[in-house]
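Undergrad: Okay, predicted coordinates and the sequence, questions at the end:
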Amino acid sequence: MDTNGATTSSAAGGGSTSTSDSSLLSKKNSKKPQYSRFTQQELPACKPILTPGLVITTFTIIGIIFIPIGLVSLSASEHVVEIVDRYDEGCVPPNYSNDKLAYIQSSRTNKSCTRTLSVPKLMKSPVFIYYELDNFYQNHRRYVKSRSDKQLRSKAYERETKNCDPQAVSLDAPIVPCGLIAWSLFNDTYGFFVKSKMLEVNKKNIAWDSDKEHKFGSDVYPKNFQTGGLIGGAKLNSTTPLSEQEDLIVWMRTAALPTFRKLYGRIEEDLQANEQITVVIQNHYNTYSFGGKKKLVLSTTSWIGGKNDFIGIAYITVGGLCLFLAVNFILLYVIKPRALGDPSYLSWNRSPAGNPN
Amino acid sequence: MDSKIPVENLFSIEPVLSSSSRRSISTHSKASSGNSIREVNFSDLGSKPVRYGSHGAESETYSMSQKEINDEDARLVQINDPVKTNERFEFAGNSIRTGKYSILTFLPRNLFEQFHRVAYIYFLVIAVLNQLPQLAVFGRGASIMPLAIVLLVTAVKDAYEDYRRHRSDTIENNRLASVLVNDHFQQKKWKNIQVGEIIKIHANETIPCDMVLLSTSDPTGVAYVQTINLDGESNLKTRYAKQETVLKITEKEKIAGLIKCEKPNRNIYGFQANMEIDGKRVSLGPSNIILRGCELKNTAWAVGVAVYAGRETKVMLNSSGAPSKRSRLETHMNSEIIFLSLFLIALCTVVSVCAAVWLRRHRDELDYLPFYRRKDFSEAEEENYNYYGWGLEIFFTFLMSVIVFQIMIPISLYISMELVRVGQAYFMIRDTQMYDESSDSRFQCRALNINEDLGQIKYVFSDKTGTLTENKMEFQCASIWGVDYSGGKATSQDQEDGYFVEVDGKVLRPKMKVKTDPELLQIAKNGKETKDGCHVHDFFLALAACNTIVPLILDTPDPIVKLIDYQGESPDEQALVYAAASYGFMLIERTSGHVVIDIQGVRQRFNVLGLHEFDSDRKRMSVILGFPDQSVKVFVKGADTSMFSVMDRSMNINVKRITEAHLYSYSSLGLRTLVVGMRELSTSEFDDWHSAFEAASTALMGRASLLRKVASNIENNLCILGASGIEDKLQQGVPEAIESLRTAGIKVWVLTGDKQETAISIGYSSKLLTSKMTQIIINSNSMESCRKSLEDAIIMSKKLTTISGNINNTGGTLGTVLTPVALIIDGTSLVYILDSELEERLFQLACNCSVVLCCRVAPLQKAGIVSLVKKRTVDMTLAIGDGANDVSMIQMADVGVGISGQEGRQAVMASDFAMGQFRFLVTLLLVHGHWNYQRMGYMILYNFYRNAVFVLVLFWYVLFTCFTLTTAITEWSSVLYSVIYTSVPTIVVGILDKDLNRRTLLKYPQLYGAGHRQECYNKRLFWITMIDTFWQSAVAFFIPLLAYWGGTIDASSIGDLWTLAVVILVNLHLAMDVIRWNWITHVAIWGSIIATFICVIIIDAIPTLVGYWAIFEIVKTGKFWLCLLAIIVAALIPRFVVKVLYQLYTPCDVQIAREAEKFRTLSESAAVEIEMNPILDPPRR
């Protein structure tokens, strides 16, 4: 305080500069926090408040959007034509019906089985062929881990089988592809006949391109596969690289849920309504040991995927609920309005005796 | 500060007050004895040694130093013989290392320290469990990563801090000091100084280690040191060398001796030792030691012997961190954490029991089950593959589920909370409205973990001096020989410049100007001609001489003008000396042997023949001056009670009466009073005193009491010269601040050492007391009378509160404080009440009162009162103070706030938060406290929710995988979920979200009640949140499940869907609750969602992982997007509906205020705001 006065009274020439210096210095040395909107927590901000109008609008909009989506989904699902045939029991000869396990495990029994399906509606091509397994826990921890993605990808990692037990090595040589998943590869086959004319089943491009190109190596050939004491499922042609073994690729993309479908192939011609399709099934796959079901599914597809009404119903329900809520809020607003931000509602204004002390 | 307690305690007679002061007889000695008993009790409780005033400590150590120091507990220092000193015990060298680590020890030590936290241990245990092959749920990398990230970040931070410490250590260690080597002083680096060496310090140099003073440039051995680095006190302290050694050094004799001193300890105000020199034993006390870090001032040189060096110096022993406390919210949170742990255990139990049942059911099939395959046929001998039998399988399943569900315990919450608190602290520190211009001090956050407690304070305990008042003492008026001079208001023209003297062409001017009374000034100028003039002369001479003030001459830019700055430990003394200077009695120089006072332009030198320092028993100090005309006079100044008891009874009784009346009127104005007396000593009296004084000051045993006795003998039959009134001004904005706090429902208690009238008058001026209030005053001096007055008071207060309640019910006065009862209680009564069964009654009574004012309380009683309240309620307490006498109270309270004011920094050092002004408390509590509480409360709940929702989604899936803990969500996503996907928004919102703006909070202090009512975090909210969590997780899991049931979906694809759904869901949940959307919030929330997409894409682009390319395949389908939308809407609807209903139909105050803020319905009362603003938030730009 006195310093300024002193400087001005001193040397006239240097006076002004020294004052500015000192003020600059004091500014620099001051611990005063710099003002900014950020440090003062005063950044421009939007403060949304749930006004009745906003709430009602929100619910109405949700309702208006959801119900049509639900209807569209439902109709899409309705347009999907699906034929499901469970054959695991029907394909067991009656004399083995008490000992299905013996039937399926024996190498001498006749495994082929003929089923007849009728087409309920016109099925436009492509018609997708799926096999559906039930009660097969492809997501079981032991099972999921029992694979070697490195080995599948490149020949160089052929010996990378540490997660593959108990299907890692056989006769002191690594199994390619190793692990339980590959070992249990599904091996039923289907032949389709319409009026004794065989339907072409396209088994190409049933797996994801990404898997074929990057995940399964084109230089990896099956080796030592299904040579152990216990055969789990299909054998693989050891002259075809893994990247072209599309059944394996599809199988190895393990299903999320215990009931799942896997793409088997496509029929690339329309199936007319009321046509009878004869399916010749080679019933090799053992689901009898764990009480699993096997189903053959023929299905067309839509933008929503296969036949599943759940999405449509869910959307209609949620949309309906929102509209219902919107109506209720309108009623509430009309019957019992509250002026927003009215200070008379503040607790200390409402009850004078209600002093917090 | 040191002087403050003494001065406050000076007053000991309570003038009989009209209202209801019963049985008011001074019993201060009893009070202090009571204190000392409590002191023992308390120090057992307290975590840190606390000092309650240097004088007390000194006299204590004086008496202690007489005791033998045990040889085992002592360190022996051979003066000037470092070799011999160090041969037996390896004393620490003087090099210091504040750095914690060296390059070699960094890794192990840093890790060791980090793992002191429970959170990290939990992380570690989980990570280690996961390394067991049987339990390897996650891959190695994924399981260690979160821990590794946290450890790495902390380690880098620690390493950087340590590097800076090392650098400053090196600079410090290489400083030079002159050390006596072979009888010559040589320059030596600090780090090479050893205990026992003799070191010479020159003026303005820093002291390199703790040394016992041997000699100084002053012939009497006085040295002045500045201890600002040690305790922040900027005034000079006097330290003494012993006469025995002073001569030796000055006569260049070779010095040898043995110092026996206590082991190194951290008490910077205590030292006890004795020195054997020439066969004599001399005892040493705290005033004989100068400590590392201090600076020598006003003394050309000083020589001392090093006794503690390096890390054993007191300053190093004291350099410990801030106190750590635990916030209330965190304590509450812990019970919920326990619940979550139980829930985690329950989930794990469910999983393992189900797994056991499944295994049991399929026990016959397990060998061949394609997805189980218990038997390994590849070897010749069939054996079980990865199967460990029933018990172990179940046990492993349990442990694995702990690993998978680990984030149920929100460990990341602890880390987020720390970050959020740092952010909140940043904003509190940067708040321009809590910056104090006058002391250039920002707000300081010393304890980082109790920010949110600021939002729930119910009791504020405030010191008065320096906290409510500025503690800038200002001389206001004087009563001299029965004449009151209090017309200081009028200032004539020439007083603008203040008084100054010219010496050798140089102008000397006191640094501070004092308002002067023109009449008194005139009398003072006229000199000793009249009788009045004579008295005035003596009075001001006493003011100028009878003190321990050291004048410092400061240069100004103008070479002719010099400023005199009076440095001293007592602001009262400073004020008196400045006042004397303004009236023409300017203290120019002080050494231990003489003072030079410029009296009306004439320099006079007085020999200081003796000085009796202040002590709390005598409550006065005296100085014996030898006048140039060979006469000897003793000047005494002290508290009124102690002074009137030693006055000359033959003195004019009229003057005494008038002076007493003046004293009473001064103290009712809130002034601090001191009485000044004088006596001329005859030669024989002086000789008697001199020999007694000499004997006492060289006595080995009981020196303190001997000195006291000598002082009491000479301080009698005084002629009272007059009394002074010093004003301690109220700080800016204090009344408004107290008003706001009270409106906010906070009880303000004032605890002061001042006397009752002063306290009451300050109470009125600070609006703590109003004329509407009924005062209940309790001054008792026995247990029984205390009991009786307390019981009477309780009955009275009950009656009053019920009556006023009735009035309010019928009359309906809006918004007034209901119970206008003020309790005023003094320290003497508290002696009987605290720690006895009467505590309970006092608490009852205090609860009925809206104001409690405790006067004349000792420091430990302050802590006692705080603990009285703290023990009996769950409410939060806050103590605010500025002096060392508040330290115990600050440490006792839940939240301690220190005012960085005039009285040094002990309060600040002990506090959790420190600031410059009392009024910032309003901003701190009502604004920042409210925000912090709201943010932290929400953040904790949200973190519980966000982790639980994820865990539940994992759990639901486990139910569909034979209970085998497969996760569809990739392990990397599981790990990144709480690290990247959802952590940033909650931290940002925890730091930045504001429910109300500052202006509204200050305008309606009642909004603070949200914290009192625990609106933001309570059990009910926790359970609602948990139910909501349950619903949301179910929606997020089951919608995709049902939509894809029996489809071709693979685990990775649906896992990606679940990941994205949960992340978007929790982020939108947060978005729904954000109150203020600024750009940072937008970036954080939307950025997190985008970051999640990016991470999922990156993870799915790694061909060796199972889920390769899954996300690209699934986003191509419409079903994915439909599921996502349905999940988000369906999951959030219940919460939204409840929130809307709650906000619209049972709005809380905060909600209404928020609406009002938005729709500006509050603008009609803007006038009030403008009126309040200049004080509460003065424009700072």
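TA: Structure's in. What do you need?

Undergrad: so what pLDDT did residue 10 get?
TA: All of this refers to chain A. Each residue has a pLDDT score; the one for residue A:10 is 36.

Undergrad: The chain in question should be chain B.
TA: Looking at residue B:10, its pLDDT is 33.

Undergrad: just residue B:466 next, same as before
TA: 78.

Undergrad: so it is in which element?
TA: Here residue B:466, judged by DSSP states H and E, is contained in no helix and no strand.

Undergrad: Do I have it right that it meets residue B:899?
TA: Yes. Using Cβ atoms under 8 Å, residue B:466 makes contact with residue B:899 at a distance of 6.2 Å. (C-beta placed from N, C-alpha, C; glycine too.)

Undergrad: neighbour count winner among these two?
TA: residue B:899 (31 against 26; other Cβ atoms under 10 Å in any protein chain shown).

Undergrad: And that one, how far from residue B:930?
TA: Relative to residue B:930, residue B:899 is positioned 22 Å away (Cβ to Cβ, to the nearest Å).

Undergrad: same deal with residue B:312?
TA: Relative to residue B:930, and taking Cβ to Cβ, residue B:312 is found at 46 Å.

Undergrad: Among the two, which residue is more densely surrounded?
TA: residue B:930 (28 against 22).

Undergrad: If we ignore the residues flanking it in sequence, what's nearest that one?
TA: Nearest non-adjacent residue to residue B:930, counting by Cβ to Cβ, 6 or more residues apart in numbering or on different chains: residue B:455, 5.1 Å away.

Undergrad: shouldn't that neighbour be in contact with residue B:935?
TA: No. Between residue B:455 and residue B:935 no contact is recorded; they are 9.2 Å apart, counting by Cβ under 8 Å.

Undergrad: And the pLDDT at residue B:693?
TA: 85.

Undergrad: Then the one 10 residues further on?
TA: pLDDT for residue B:703: 70.

Undergrad: tally of neighbours for it?
TA: 19.

Undergrad: separation between it and residue B:1061?
TA: 81 Å.

Undergrad: ditto for residue B:965
TA: From residue B:965 to residue B:1061 the distance is 20 Å (Cβ to Cβ).

Undergrad: Likewise for residue B:982?
TA: For residue B:982 relative to residue B:1061 (Cβ to Cβ), the value is 13 Å.

Undergrad: Tell me which of those two has more neighbours.
TA: residue B:982 (28 against 25).

Undergrad: quick one: the more buried one and residue B:1088 touch, right?
TA: Yes. Look at residue B:982 against residue B:1088 with Cβ under 8 Å: they come within range, at 6.4 Å.

Undergrad: Give me the common contacts of these two.
TA: Common neighbours of residue B:982 and residue B:1088, using Cβ atoms under 8 Å, 6 or more residues apart in numbering or on different chains, are B:1063, B:1067.

Undergrad: Enumerate the positions of stretch A:92-101 that are buried.
TA: Across stretch A:92-101, burial judged by 16 or more other Cβ atoms under 10 Å in any protein chain shown covers A:92, A:100.

Undergrad: now stretch B:149-168
TA: Those would be B:150, B:151, B:154, B:155, B:158, B:162, B:165, B:166, for stretch B:149-168 by 16+ other Cβ under 10 Å.

Undergrad: Cool, thanks, signing off.
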